[in-house]
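Q: based on what follows, work out the 3D shape:
(2 chains)
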Number of protein chains: 2
Amino acid sequence: MTSSGIETTTGQEMLDLEKNGRVERAKWVLNAPEPPSPWCQLMGSIKETLFPHGTGFLTPFKNQNGNKPVLSVLRAIFPILSWCRNYKATKFKNDLLAGLTLASLCIPQGIGYATLAKLDPQYGLYTSVVPPIIYALLGTSREIAIGPVAVVSLLLSSLIPNIQDPEANPVAFRNLVITTTFFAGIFQAAFGLFRLGFLVDFLSHAAIVGFMAGAAIVIGLQQLKGLLGITHFTNKTDVISVAKATWTSVHHSSWNPHNFILGCSFLSFILTTRFIGKRKRKLFWLPAIAPLVSVVLSTLIVFLTRADKHGVKIIKHIKGGLNPSSIHQLQFNDPQIGQIVKIGFIVALVALTEAIAVGRSFASIKGYHIDGNKEMVAIGMTNILGSFSSCYVATGSFSRSAVNFTAGCETAMSNIVMAITVIICLEFLTRLLYFTPTAILASIILSALPGLIDLNEIYNVWKLDKLDFLACIGALFGVLFCSVEIGLLAAVTVSFLKIIIISIKPGTEVLGRIPGTDMFCDVLQYPMALETPSVLVIRVKSGFLCFANANLVKHNIIKWATEKEEEENIKGNVKRSVQLVILDLSNLTSIDTAGIACLEELRKNLVLNGIEMAITNPRWQVIHKLKLANFVNKIGERIFLTIDEAIDACLSSKMVAI
Amino acid sequence: MTSSGIETTTGQEMLDLEKNGRVERAKWVLNAPEPPSPWCQLMGSIKETLFPHGTGFLTPFKNQNGNKPVLSVLRAIFPILSWCRNYKATKFKNDLLAGLTLASLCIPQGIGYATLAKLDPQYGLYTSVVPPIIYALLGTSREIAIGPVAVVSLLLSSLIPNIQDPEANPVAFRNLVITTTFFAGIFQAAFGLFRLGFLVDFLSHAAIVGFMAGAAIVIGLQQLKGLLGITHFTNKTDVISVAKATWTSVHHSSWNPHNFILGCSFLSFILTTRFIGKRKRKLFWLPAIAPLVSVVLSTLIVFLTRADKHGVKIIKHIKGGLNPSSIHQLQFNDPQIGQIVKIGFIVALVALTEAIAVGRSFASIKGYHIDGNKEMVAIGMTNILGSFSSCYVATGSFSRSAVNFTAGCETAMSNIVMAITVIICLEFLTRLLYFTPTAILASIILSALPGLIDLNEIYNVWKLDKLDFLACIGALFGVLFCSVEIGLLAAVTVSFLKIIIISIKPGTEVLGRIPGTDMFCDVLQYPMALETPSVLVIRVKSGFLCFANANLVKHNIIKWATEKEEEENIKGNVKRSVQLVILDLSNLTSIDTAGIACLEELRKNLVLNGIEMAITNPRWQVIHKLKLANFVNKIGERIFLTIDEAIDACLSSKMVAI
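A: This is a model prediction of the structure:
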């Protein structure tokens, strides 16, 4: 008897304890400390954005050992001072080899990209001199190869002609390009200084893949002019205009087959060397120097056969000598300065996106970290100083960085080696390029394009996320059939529409208890989950209950609760089936006034149907707002931490009531 | 010995069982059934949107008892046939009283709103005849009072003059208004038939509050013309233009003080009656008939004193007789038909928003349900048929519905009584309104405006949600200082920006175990939550890990994991502190390709720092995508259902490894 009495007491005590714990925990939910005010949140998120590591841009200076403060500051600004100290001859050997390989690729590509940007060939070489040196001093990536790139050249040649026709006034056009470079640099450096690196994230990966593929195709089509030796070509970049212009030229025989034969044969030569290079890792230098070999061979052929007299177009004069100053060519008083600043912004973003993507991917292979904001400052300074020395927008090139990496570069020294090689070329060798056929430049650019079209990744995006694929295809088709800007705009729009669509998806899911745990999960995802009889546990599928989805969520829940009732009624069960609806708010990040109003209407509606309603595990902001809106009192404090506790508390109180 | 042996075995067995359960549950996570494909989801959500209750528009017909199918169909289309059967004399008495009260308010308001819409006065009366009758046949709300309303009149008078100047060619302007009415009706009916009711939700509650307040102020300013008797007034609606125009008129004395005195004295009379009506519930009819009394009194005064000869402006001739047909006035061949359709769309949305808000609020007071889609069809038909009979856009009026409700209406019969009263007025009494001063119309409209400015609600929105408040204020200032369209556009833009900002907020939160439970919650929200040593449990604050926030989330987590390490290091603890990072994905509704790539980089980065990573409770779509992306294999199947299980599994495997 005694023992049984003790047991009963213990059982009762346990129950009491459990109940007390439950009451205690429900109090915790209701009496959570106040969350930071929206103002604090805003300031906090600005702080977090600007100083992501709890540090300012100047913090590195403070952290250094105090004995040589000047050197510390210099080291923080110029990373080269850090790695220079441990720099050894073996490393230099590798960098020298990589730098020379890089230069042999960079010289023909630079000339080609300058032509693509509608500038004189030497500007491509200029851009391969100053920017790599500046970047080597300021940048933190070891593999990136800085210089002119295809997509940026295309952007410039498709955006700036809206302001100034390059054929009517090439000097004015060039000045605008250099001014745009200056503004692009200012924007890039500002993004880095103000730690706005997240802006680059707004161009989603999928959108970039699509944009790059579209740009590559458009660039390829532009090369038809050089490859076919067409004199009059369209200024537009979309597929249809280019196809029309090419058709007209070919139809009227204003093209020369010699150009085509020359270009195509060297294109197949370059592609073959690349194929061999991929098969045999040791011959990595073969595809890298193939463009230079093609230039030398084709120039010799043209010089020996004097093919330029038979219609083969040649580069002719390239101005030799080092970069001239271009400070006085910056056009700050141009009436269309607003347009130029806008183009500078677009170009800055696209260039940064490419550079940071390149830098990150190689850094993650070698396992070191790149400071995105420092990179932006480095590339920004590169372009600002570049614009003072006749360079156009430079950034990290996909194809050349890969060559640099494969050639075994160790530090940014390879960029310096490359720049010095290009300087030598500019000083002494430009006259040798007089007879270089333009078709060769076209084939060198064409050979670099397949690397920009990542079919594998496009398929991957399609497999993983159909909405991402839409952004990708939107960018691709936008670039192909409209213009480069439209393509970018389409990509950004689709990306943000995706966020809206996914965030306000008005679905709800019924939860059931996972056997062996206290967890409640989606019964469709876990078919073994058990529903509690007469209780409907429901969760909103979206993370934000707001004006755009609250009404539909409300209807859904009422439907679930009352339909279930009807179903049971048909079976002859007179007693109401659903007695309690538990709304699990654990995944609700935020709620707005419309969402609160809807919860309120939901409660009213359920009460009218004789159903109780409880809420579990609201998050910080949500419980705070529910308290402010007085909803906590209206629902009779039926707010619990766990679903279990909600079921226990509500059903036991119901039992007492009966 | 034996007993101890048994105990050990049991303990071991328990452990095994527990471990088996854990392994089993981890398998459940990984082997969840495939979620519906995006295509199925799309179709499902379209189906859910179009047939929210699993039923089509025609389902009511099927559910009826089969003996009188024709009657059933008719009843489903015309709800009046259902409630007519139980209609009794007592109900009619109430409806008659309410209808007469309504008419006494509706006649002066109708004339005033027609003037506001820049139409002849009789069009306001026409609009109070046909629409209420049609709505009474088709609608489901019992309290709503249909007719011309202030905001819609303002919209028409501010949008249509962009196409056709109402002063230069009033007939053409009127035809355009009627055409707009037709298109608005078509849109409304289409929204209802295709169950696009959710479109109305896109104008968030906060935005509507701000828009209504702004519109009320703008309408009030427009009344200055009538109140001051100004002849030349601006066509623009923004505060600055109106202030300028008024200042100019007052300055050049082109106004008449008699108008002002007359208007102001009757305005104070109406406001006084309203004050009395609010104090004494029984005198509810006093404020309702005050406008009519004002009209009668002021007309008498002007008639007796012949004040119109001393500069008091009067309505003059109102064309009597019933609504003429206007089918031949619909302008489908107008060159600017596109503009008209656009205006029709805007007006349709705003009118529906007001009607549904009115209908819902009174239905929820009386505790019955309104079918939003059926309401839309009813109001759409109302406007389509209205446009055939010289009516402009009608919808449910806030102020008159409140009067209807207070007057004790029982069914939509009160609308019919009102319409019949207006018909009598049109047939016999229009000539009596010849001497009615326009200043009275202005004061009647002014007296209705305070109801549209809900300062209380604006304060409430400010208290609850600062971003909602921004939408509210954006709409308010947009309407006040730019135009009605800009106000609406600002509201919609801010509302959707809000969704984006909240959805991609890149925060993370550290979780701790709530004492007495297996739950892990935000340690800031629950200061009593306990963190497990050497384990960092972290959760993403947003519901969607995507391109726009994935990078920042990654940085945050790495920062948390490595900073904690440093902190411990300073304390002299050489052993690494964080050994395991558990990422709780339970609140992640969706993930995109950039999000998956980030998880992958996060894993690599943590592994490089010697930290393990595990994932718990991914949702259906998320685990499906992680499987597709092969992330599940890369993380070594370290995916668990609960955080507890993840800690147990990872730490025990680590113990074994040591």
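Q: my read is that A:L476 contacts A:A215, right?
A: No - in this structure, A:L476 is not within contact of A:A215 by Cβ atoms under 8 Å, at 9.2 Å. All C-beta atoms are positioned from the backbone trio N, CA, C, and that covers glycine.
Q: quick one: common contacting residues for the two?
A: Counting by Cβ atoms under 8 Å, 6 or more residues apart in numbering or on different chains, the common neighbours of A:L476 and A:A215 are A:G487.
Q: when those two are compared, which one has more neighbours?
A: A:A215 (29 against 25; other Cβ atoms under 10 Å in any protein chain shown).
Q: apart from its neighbours in sequence, what residue is nearest A:L116?
A: Closest residue to A:L116 apart from its sequence neighbours, by Cβ to Cβ, 6 or more residues apart in numbering or on different chains: A:S153 at 4.3 Å.
Q: and the next element down the chain from whichever strand or helix holds A:Q188?
A: Mapping A:Q188 onto the secondary structure by DSSP states H and E places it in helix A:170-193. Remark: after helix A:170-193, the chain's next helix or strand is helix A:198-201, criterion DSSP H and E.
Q: chain center to that following helix, what's the gap?
A: Counting by Cα atoms, centre = their mean, to the nearest Å, helix A:198-201 is centred 7 Å from the centre of its parent chain.
Q: is any part of the helix or strand where A:F477 lies close to chain B?
A: Element membership of A:F477, judged by DSSP H and E, is helix A:466-477. Yes - Helix A:466-477 reaches chain B (Cβ under 8 Å from any Cβ of the partner chain) through A:K466, A:L467, A:D468.
Q: I'd like to know which of the residues you listed is nearest to A:E427.
A: A:D468 (48.7 Å; Cβ to Cβ).
Q: can you give me the distance of the closest one to B:V350?
A: 35 Å (Cβ to Cβ, to the nearest Å).
Q: now the strands for chain A?
A: A:146-147, A:395-396, A:508-513, A:520-522, A:535-540, A:544-545, A:580-584, A:590-591, A:612-616, A:639-640 (DSSP state E).
Q: can you redo those strands as CSV with distance to B:K244 and mean pLDDT?
A: Shown next, in CSV, are the strands of chain A (distance: least, Cβ to Cβ, whole Å; pLDDT from 0 to 100):
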stretch, distance to B:K244, mean pLDDT
strand A:146-147, 58, 94
strand A:395-396, 52, 92
strand A:508-513, 53, 90
strand A:520-522, 61, 88
strand A:535-540, 50, 90
strand A:544-545, 43, 88
strand A:580-584, 53, 91
strand A:590-591, 43, 88
strand A:612-616, 53, 90
strand A:639-640, 54, 88
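Q: returning to what we had before: now what about the helix holding A:F477, what contacts it?
A: A:204-211, A:213-214, A:458, A:461-462, A:487-488, A:490-491, A:493-495, A:498, A:501-502, B:38, B:592-594.
Q: same check on stretch A:278-287?
A: The contact list for stretch A:278-287 (Cβ under 8 Å, 6+ apart) reads A:T101, A:I270, A:T273, A:R274, A:I276, A:G277, A:V403, A:T406, A:A407.
Q: just curious, which of those residues is nearest to A:V242?
A: Nearest to A:V242 among the contacts of stretch A:278-287, with distances taken as Cβ to Cβ, is A:I270, at 22.8 Å.
Q: I'd guessed that closest one sits against A:P291; true?
A: Yes - between A:I270 and A:P291 there is a contact at 6.2 Å, judged by Cβ under 8 Å.
Q: those two: which is more packed in?
A: The neighbour count for A:I270 versus A:P291, taken as other Cβ under 10 Å, is higher for A:P291 (27 against 22).
Q: quick one: residues contacting that one.
A: Contacts for A:P291 (Cβ under 8 Å, 6+ apart) come out as A:S104, A:L105, A:P108, A:Q109, A:I270, A:I444, A:S447.
Q: and the last one, how far from A:I261?
A: So that's A:S447. Look at A:S447 and A:I261: by Cβ to Cβ, they are 17 Å apart.
Q: related to what we said a few turns ago, what touches both of A:I270 and A:P291?
A: Taking Cβ under 8 Å, 6+ apart as the contact rule, the neighbours common to A:I270 and A:P291 are A:I444, A:S447.
Q: could you pull out the helices in the stretch 151-300 of chain A for me?
A: Assigned by DSSP state H, counting those that start in this stretch, the helices in the stretch 151-300 of chain A fall at A:170-193, A:198-201, A:205-228, A:239-251, A:257-279, A:285-305.
Q: other SSEs contacting the second one?
A: Pointing back at helix A:198-201 there. Packing contacts for helix A:198-201, counted by 3 or more Cβ pairs under 8 Å, 6 or more residues apart in numbering or on different chains; DSSP states H and E, involve helix A:337-366, helix B:550-570.
Q: next, count neighbours for A:G408.
A: A:G408 has 14 neighbouring residues, counting by other Cβ under 10 Å.
Q: dump the residue contacts of it.
A: Contacts of A:G408 by Cβ under 8 Å, 6+ apart are A:N94, A:L97, A:A98.
Q: quick one: which of these is most hemmed in?
A: Within the contacts of A:G408, neighbour counts (other Cβ under 10 Å) peak at A:A98, which reaches 28 neighbours.
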